[in-house]
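Chemist: pasting the structure only:
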Ligand code: PGA
């Protein structure tokens, strides 16, 4: 059975005190019997402390929002997958549209980042999704297939089991416009079928596929009730403890 996951992507928000405060605030409100995996993706400055705080808490993990494509050396300002793993993170988010668009990250670079992450025992939350133009011109199925296949389909079946997919239509991120549950389910079903064609039914059925893009407490249950939606990657609403916990409780 595949896991349900709700991951909070804090992006470049919250200084040290604010981040740790929010983390404790969410943890206090989470039900102890919570069956959904909860992931916090803070900025690098929080990784070590946040991992320590979450270490003994059932089903709660830390993710980094990115990692370097390089392993070590003269790359000022970069943080390697090995360093992130040494802080106690379980996951790294790769291919977020803000990195693809603002930092020109292409499928091939992401493929190399995925490899570094896996070598360092990090699991990957791999983002894909189309722009508004691509949606309107109807090329989004091909686009998403290309993003996934070029960055991930060189992986062995064993390595692919360390991948979580996040479908995040770019037009829904931070805009307040959410994909309808039908639109999201259509793509999630397509992604699962694409995985099945490459890795077979068993792996496709056990891969968690998250939805991201203006997911909030009022639309989460409808989205999460779709058969191929296994949770969410949450931006804005992850910065508010009540909203985030309410999304976690939406299954
Ligand atoms: P949003 O962001 O929930 O603020 O739309 C989602 C994301 O970028 O992961």
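Modeler: Received, thanks. These numbers come from a predicted model, not from an experiment. Residues are numbered from 1 along each chain as shown.

Chemist: switch to C-alpha atoms for all contacts and neighbour counts from now on
Modeler: OK.

Chemist: and for the nearest residue to residue 99 once chain neighbours are set aside, the neighbour number?
Modeler: In space, and not counting its chain neighbours, residue 99 is closest to residue 105: 6.0 Å by C-alpha to C-alpha, 6 or more residues apart in numbering. Close neighbours of residue 105, defined as other C-alpha atoms under 10 Å, add up to 16.

Chemist: can you check residue 104 too?
Modeler: Around residue 104 there are 11 other residues, counting by other C-alpha under 10 Å.

Chemist: hang on, it in a helix?
Modeler: No - using DSSP: H, G, I helix; E, B strand; the rest coil, the secondary structure at residue 104 is coil, not a helix.

Chemist: distance of it from residue 98?
Modeler: Distance, residue 104 to residue 98, by C-alpha to C-alpha, to the nearest Å: 9 Å.

Chemist: cool, residue 131 as well?
Modeler: 12 Å.

Chemist: out of these two, which sits in the busier spot?
Modeler: Between residue 131 and residue 98, counted using other C-alpha under 10 Å, the more crowded position is residue 131 (17 against 13).

Chemist: hang on, residue 89 in a helix?
Modeler: No - assignment of residue 89 by three-state DSSP gives coil, placing it outside any helix.

Chemist: neighbours of it, how many?
Modeler: Residue 89 has 27 nearby residues by other C-alpha under 10 Å.

Chemist: and it, backbone torsions?
Modeler: Backbone torsions of residue 89, given as degrees, to the nearest 10, read phi -70, psi 150.

Chemist: so it makes contact with residue 66?
Modeler: No - checked against C-alpha atoms under 8 Å, the pair residue 89 and residue 66 is beyond contact range at 11.6 Å.

Chemist: and the stretch 51-200 of the chain, which residues reach the ligand?
Modeler: Residues of the stretch 51-200 of the chain that fall close to the ligand, judged by C-alpha under 6 Å from any ligand atom: 172, 173, 174.

Chemist: so the second one makes contact with residue 216?
Modeler: No - Residue 173 is not in contact with residue 216 according to C-alpha under 8 Å; the separation is 11.6 Å.

Chemist: so who does residue 170 touch?
Modeler: When contacts are counted by C-alpha atoms under 8 Å, 6 or more residues apart in numbering, residue 170 is found next to 97, 129, 130, 131, 132, 213.

Chemist: where in this structure is pLDDT low?
Modeler: Across the chain, nothing is flagged by pLDDT under 70.

Chemist: in it, which spans are strands?
Modeler: 5-9, 37-41, 60-64, 91-94, 123-128, 163-167, 209-212, 231-234 (DSSP state E).

Chemist: dump those strands into JSON lines; add mean neighbour count as well.
Modeler: What follows is the strands of the chain, written out as JSON lines (neighbours: other C-alpha atoms under 10 Å):
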{"stretch": "strand 5-9", "mean neighbour count": "25"}
{"stretch": "strand 37-41", "mean neighbour count": "23"}
{"stretch": "strand 60-64", "mean neighbour count": "26"}
{"stretch": "strand 91-94", "mean neighbour count": "26"}
{"stretch": "strand 123-128", "mean neighbour count": "25"}
{"stretch": "strand 163-167", "mean neighbour count": "24"}
{"stretch": "strand 209-212", "mean neighbour count": "30"}
{"stretch": "strand 231-234", "mean neighbour count": "29"}
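
Chemist: done for today, thanks.
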